[in-house]
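[1] Return atomic coordinates for the entry below.
(one chain, ligands or ions: 1)
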Amino acid sequence: MSPLSRRRFLGATLAAAGAVAVSSVAGCANGNPGIRDLGASPRPLAIPPLAPSTRDAAGRRVVELVAAPGTSSFLPGVATPTWGYGGLPFGGPTVRVARGDDVVLRVTNRLAGTTTTHWHGASVPARADGGPHQPIAPGATWEASWRVDQPAATLWYHPHPHGQTERHVLRGLFGLFLVDDDIPAALPSDYGVDDVPLVLTDRSFAPDGSFDEQHRNSVGLLGDTVLVNGTIAPYLDVTTTRVRLRVLNASSARSYRVAVDDEAPLTLVGTDGGLLPAPRTVTGVVLTPGERAEVVVDVAPGRRRVLRSLSHDLGAVNGVTRAAGADDSFDLLELRPAARLTTSPPVPARLSRETPLAEGGRTRRFVLSNNRINGRAMDMSRIDEVVPAAATEIWEFTNRHTLPHNMHVHDARMQVLEPDVPAGERAWKDTVAVPPSTTVRALVRVGPHTDPEVPYMLHCHLLRHEDDGMMLQFLVVGAGQRAATTIAGHDHG
Ligand SMILES: [Cu+2]
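    Just a heads-up that it's a prediction; the model follows:
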C-alpha cells in the first residue's frame, strides 16, 4: 500500500472481514466509529503560534491567555463552534519559557461558564496548578506565578474544572507549554521548521457541524476524524535532514502508536518530563491521553515519509482496545522533504543530564477499579494522601478493571520501574499507562513547593474517567507543616 495514498485503514479485525471502505456503521460495535476517509487533499500543517510574552517591572515573564468561544472550519464549508485560547478559535498558542524564568500566567475567562487552566507536567506551587480548586469564573482573570525550575520538556496546558474537563478540552482548550534549558545544541530546535509540535486530537461531527459530544463509549469520546494541530490530512514541508517532532496526545480517549511509514526506525529523544538520558531507536511510541514523546525522524531529499498511527495492544479484553481506538491504523502527517536539504547535526549520544531518582522510599498503593481509585470517587473536600516534599517514593498502580487507565500525578517527576531498564536509562514521565490486569510501579518525587492546605491531583487522564471521579487529592508538605484534613470553601463546579 502506498503511503502516499493517504487512505485510512481499518484495524486488522475489520480489514480481515473485508470491510474495505471505512464505515461508521461497521465500526460502531464497541462504540468505535473507525477513522473516516474524508478523501481530503493534504493541506499544510498548522503550527500553533508562540504566545507573546512581556516583562513586568520585576523582570517576570508575563503571558496573557484569554479563553473564549470561536468558530472553526475543519471540513470545507462547515462551521464548527469551538473554544480556544489566545485568540485562536481552536487550541491555544505555544507558551515557551526557560528554566530560571519567573513566570506569570494570566488567564481570562470569556466563556459562559467556569473553567480552570492546569499546567500539565509543570513543577508549580499548588495554588498555581490550575486544578479544580482554582476556578476562573466567567469574566474573571486568574493569575499563576512561579519560578521555572525543571529540565527542558514538552508540557501542555488545558482546563481541569471539576467534572467538566472532557467537554472543555474537546471544544478546543489545550496548548503546548515548552520549557527550555541548555538543550544540547545538536537537537533540532527551530520552532515550526525542524522542531515541530504535533497535537493529536480526534473528533466526530454532528450533522449541524458541531462536535459530537454525545456518543461516548466506556473509555470516552472517540472521534472518527483526526486533527493534527487542528488540521485534517496535514503535510509538512521539510528543509533539513532531521526533524524533531514533539507529539502530544490531547485526545479524550484515543491512544496512538506513532510510527513512521511501516515501522521504520525512528529516534525517541524525550518523553513527558524531558529528554531521555540517551536516544533510543524504536519502531513506534504508544501515547495514551496526556502523554508526550519527542522523536527525531531522518529524511532524504525529495523522499516523502508518512507519520502514522498503527494498531496496538493496550492489554485490554473484550473489545475495549477497540473502544480506545487502538485497533485503528491511519495517517497522521506526510513529511515532504525538499529536493535540497540543509544537513542537520547527528543526534547527540547523551541528552538529559538529570540524576535518576533513587529507590528506597515508602510505597503507596493505588488500586484501580470501576473508574475509582482505592474504591473512592473524587471528593473536593477530602484529602486522600499527604506526601513529604522532595521525598522519592514508589507509587504502585494496580489495574483490576477491564478498562485501560492511565495515571497522571500533578507536580511529579516520575520514572517507571521496568525490569529491563537500568536506572540510568529511565524516562521521565508524569502520565503512565496502566493496562488492565497489570501493576505499574513508578518512582515519584514531588515538591519542592509545599502547601498544607491546597492539594494536587492524582487521576486517570482518560477524560471521561477523570470527570466520573477517578481522581484523588494529595497535599505536599514540608518538615513541621501540619497538613489539613479537609478542605472547606471549595467550589463544587
Ligand atoms: Cu481511566
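
[2] What separation do you get for Tyr235 and Asp129?
    Using C-beta to C-beta, to the nearest Å, we find Tyr235 at a distance of 37 Å from Asp129. Bear in mind the C-beta positions are built from the backbone N, C-alpha and C, glycine included.

[3] the more surrounded of the two?
    Asp129 (27 against 19; other C-beta atoms under 10 Å).

[4] So for that one, what's the pLDDT?
    Confidence at Asp129, expressed as pLDDT, is 98.

[5] quick one: contacts for the nearest residue to His158 once chain neighbours are set aside?
    Excluding the flanking residues, the one nearest His158 by C-beta to C-beta, 6 or more residues apart in numbering is Phe174, at 4.4 Å. Residues near Phe174 by C-beta atoms under 8 Å, 6 or more residues apart in numbering: Gly91, Gly92, Trp156, Tyr157, His158, Val199, Thr201, Ala250.

[6] can you name the two of those that are farthest apart?
    Tyr157 and Thr201 (14.6 Å; C-beta to C-beta).

[7] got the residue ranges for the strands in the stretch 251-400 of the chain?
    Secondary structure of the stretch 251-400 of the chain, counting by DSSP state E, counting those that start in this stretch: strands at 256-260, 266-271, 274-282, 285-287, 292-298, 305-309, 330-342, 363-369, 372-373, 385-388, 392-399.

[8] Looking at the ones you listed, spot the one closest to Leu227.
    Closest of the strands of the stretch 251-400 of the chain to Leu227 is strand 330-342, at 10.2 Å (criterion: C-beta to C-beta).

[9] Contact residues of the stretch 51-200 of the chain facing the ion?
    Residues of the stretch 51-200 of the chain lying near the ion by C-beta under 5 Å from the ion: none.

[10] any weak-confidence spans in the stretch 51-200 of the chain?
    184-185 (pLDDT under 70).

[11] Now do the contacts for the closest residue to the ion within the stretch 101-250 of the chain.
    Closest contact between the stretch 101-250 of the chain and the ion, by C-beta to the ion, is at Val219 (7.6 Å). Residues near Val219 by C-beta under 8 Å, 6+ apart: Gly31, Ala253, Val320, Ala323, Ala324, Leu403, Pro404, Leu462, Arg464, His465.

[12] Swap in 10 Å and give it another go.
    Taking C-beta atoms under 10 Å, 6 or more residues apart in numbering, we find Val219 in contact with 30-32, 252-255, 289, 314, 316, 320-326, 403-405, 462-465.

[13] so which strand or helix has it?
    For Val219, there is no host helix or strand (DSSP states H and E).

[14] And Arg167, by the same measure?
    Using DSSP H and E, the element containing Arg167 is helix 165-171.

[15] Show me where the stretch 1-150 of the chain has its strands.
    43-44, 54-55, 61-72, 80-85, 95-98, 102-109, 118-120, 141-147.

[16] where does the most centrally placed residue in the chain fall, phi/psi-wise?
    The residue lying closest to the centre of the chain (C-alpha atoms, centre = their mean) is Gly290, at 2.6 Å. The phi/psi pair for Gly290 (degrees, to the nearest 10) reads phi 100, psi -20.

[17] Check whether it really touches Tyr256, as I assumed.
    No. Taking contacts as C-beta atoms under 10 Å, Gly290 lies outside contact range of Tyr256: 12.0 Å.

[18] Need the overlap of contacts for the two.
    Common contacts of Gly290 and Tyr256 (C-beta under 10 Å, 6+ apart): Asn249.

[19] burial count for Ala484?
    Ala484 has 16 neighbours, counted by other C-beta under 10 Å.

[20] What sits closest to it if chain neighbours are left out?
    Glu453 (4.8 Å).

[21] Kindly point out the strands partnered with the helix or strand that contains the one you found and how each is oriented relative to it.
    Element membership of Glu453, judged by DSSP H and E, is strand 451-460. Strand partners for strand 451-460, identified by DSSP bridges, are recorded as strand 405-409 (antiparallel), strand 471-477 (antiparallel).

[22] which residues touch Val387?
    361-362, 364, 393, 395, 409, 411-412, 444-447, 450, 456, 458, 474-477, 483.

[23] Can you select the buried ones among those residues for me in PyMOL?
    Selecting the buried subset of these in PyMOL, with 16 or more other C-beta atoms under 10 Å as the burial test, is done by:
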select buried, resi 361+364+393+395+409+411+412+444+445+446+447+450+456+458+474+475+476+477+483
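
[24] Could you list the domains of the protein?
    With domains defined by automatic domain parsing, the chain comprises 3-29+186-342, 54-180, 363-477.

[25] Which one of the residues in the stretch 251-400 of the chain is closest to the ion?
    Counting by C-beta to the ion, the stretch 251-400 of the chain gets nearest the ion through Asn371, at 6.2 Å.

[26] quick one, phi psi at that residue?
    When read as degrees, to the nearest 10, the backbone of Asn371 gives phi 60, psi 30.

[27] Isn't it up against Cys460?
    Yes. Between Asn371 and Cys460 a contact is recorded at 7.3 Å, counting by C-beta under 10 Å.

[28] Specify which residue of the two has the higher count of neighbours.
    Neighbours were counted for Asn371 and for Cys460 using other C-beta under 10 Å; Cys460 has more, 31 against 20.

[29] Find the nearest non-adjacent residue to that one, please.
    Leaving aside its sequence neighbours, Cys460 sits nearest to Met470 (C-beta to C-beta, 6+ apart; 4.1 Å).

[30] for Leu463, same thing?
    That would be Glu166: by C-beta to C-beta, 6+ apart, it lies 3.6 Å from Leu463.

[31] got a list of what the one you found touches?
    Glu166 is in contact with 159, 213, 216, 220-221, 252-253, 289, 462-468, counting by C-beta under 10 Å, 6+ apart.

[32] of these, the lowest pLDDT goes to which?
    Among these, Arg216 has the lowest pLDDT, at 87.

[33] and the nearest residue to it once chain neighbours are set aside, what element?
    Among residues not flanking Arg216 along the chain, Arg464 sits closest, at 6.0 Å (C-beta to C-beta, 6+ apart). Assigned by DSSP H and E, Arg464 falls within helix 463-468.

[34] Quick one: list the elements packing against that helix.
    The helices and strands touching helix 463-468, judged by 3 or more C-beta pairs under 10 Å, 6 or more residues apart in numbering; DSSP states H and E, are helix 165-171, strand 372-373, strand 405-409, strand 451-460.
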